[in-house]
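In: Pasting the sequence and the predicted model now:
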Amino acid sequence: MLIGGAVTVGAGAAMFHEELGRLWWRVPGIDKQRTNGEVDHTGAQWIAASEANLRYADRPADFTVDRIVVHVTEGSYATAVRVFRDPLHAAAAHYVIRGKDGHIAQMARELDVAFHAGNREYNERSIGIEHEGFVDKPETLTDVMYRSSARLAADICARYGIPVDRKHIIGHNEVPGATHTDPGRHWDWDKYMRLVRAAAKKRAKSAAS
Ligand SMILES: [Zn+2]
């Protein structure tokens, strides 16, 4: 069933159908119902990346999601959001996190393959998180951003059963064939992994209670 029985009778159905045709009806094998504005991480703000910067998919049904790739933008949050919306940019990440307050923009659905890792296989298996900042300016990598990102990473790990370790949470520079150096030498992996583990623990506890 292509659209999950969501089409009912009436004018609402016609509108829904038109939206399907425009956005994803054309993609074979993709049957998950999508709602405009829906996010995968509670509290994230939906800002759609250009369709040209991602590939519609059906993860984790078609590709196993087992990696998180950590990036630093080398530019402002606003610039990252702008270029990911630009169809000529040829890249986008699933998430962009703002430095001053840890605000999270989700720009691609996790079920889709966003072009962020510079490696087809790693794009297909991973979720990309961009952090506002510069690799040679450690002061741009704020505590509030680390914490917000850690909660996001813990959430992703829990939802896909990804182990919280450095084999599965990697830097862009650790992607095979990477030409990028981000998140750079000032990215504090010890601190980040500590925060992700703590957030994962907290999440498991609240889920159990
Ligand atoms: Zn990167």
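Out: Alright, I've got the coordinates.

In: who does the longest helix anywhere in the chain touch, helix- and strand-wise?
Out: When the chain is parsed with DSSP state H, its longest helix is helix 189-208. Helices and strands touching helix 189-208, by 3 or more C-beta pairs under 8 Å, 6 or more residues apart in numbering; DSSP states H and E, are helix 143-160, strand 169-171. All C-beta spots, glycine's among them, are computed from the backbone N, C-alpha and C.

In: Redo these as JSON lines? Include distance to residue 132, mean pLDDT and mean neighbour count.
Out: Listed next are the helices and strands packed on helix 189-208 as JSON lines, based on distance: least, C-beta to C-beta, whole Å; pLDDT from 0 to 100; neighbours: other C-beta atoms under 10 Å:
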{"stretch": "helix 143-160", "distance to residue 132": "7", "mean pLDDT": "98", "mean neighbour count": "20"}
{"stretch": "strand 169-171", "distance to residue 132": "16", "mean pLDDT": "98", "mean neighbour count": "22"}
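
In: need those in JSON lines with distance to the ion, can you?
Out: Converted to JSON lines, the helices and strands packed on helix 189-208 look like this (distance: least, C-beta to the ion, whole Å):
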{"stretch": "helix 143-160", "distance to the ion": "14"}
{"stretch": "strand 169-171", "distance to the ion": "8"}
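
In: Torsion angles phi and psi at the most centrally placed residue in the chain?
Out: Centroid-nearest residue in the chain: residue 94, 2.6 Å away (criterion: C-alpha atoms, centre = their mean). Per-residue torsions, residue 94: phi -70, psi -40 (degrees, to the nearest 10).

In: For it, give me its contacts.
Out: Contact partners of residue 94, counting by C-beta atoms under 8 Å, 6 or more residues apart in numbering, are 40, 106-110, 114, 116, 127-129.

In: what about the closest residue to residue 176 other than its chain neighbours, how many residues close to it?
Out: Excluding the flanking residues, the one nearest residue 176 by C-beta to C-beta, 6 or more residues apart in numbering is residue 119, at 6.0 Å. Residue 119 is flanked by 17 other residues according to other C-beta atoms under 10 Å.

In: can you pull out the helices in the protein?
Out: Using DSSP H, helices in the chain cover 11-23, 77-85, 120-125, 143-160, 189-208.

In: what's the most buried one of the ones you listed?
Out: Highest mean neighbour count among the helices of the chain (mean count of other C-beta atoms under 10 Å): helix 143-160, with a mean of 20.

In: counting contacts, what elements does it pack onto?
Out: strand 67-72, strand 95-97, strand 126-131, helix 189-208.

In: give me that answer again for 7 Å
Out: If contacts are counted by 3 or more C-beta pairs under 7 Å, 6 or more residues apart in numbering; DSSP states H and E, helix 143-160 sits against strand 95-97, strand 126-131, helix 189-208.

In: Give me the angle between that helix and helix 189-208.
Out: Counting by axes from the mean of the first three to the mean of the last three C-alpha atoms, to 10 degrees, helix 143-160 lies at 50 degrees to helix 189-208.
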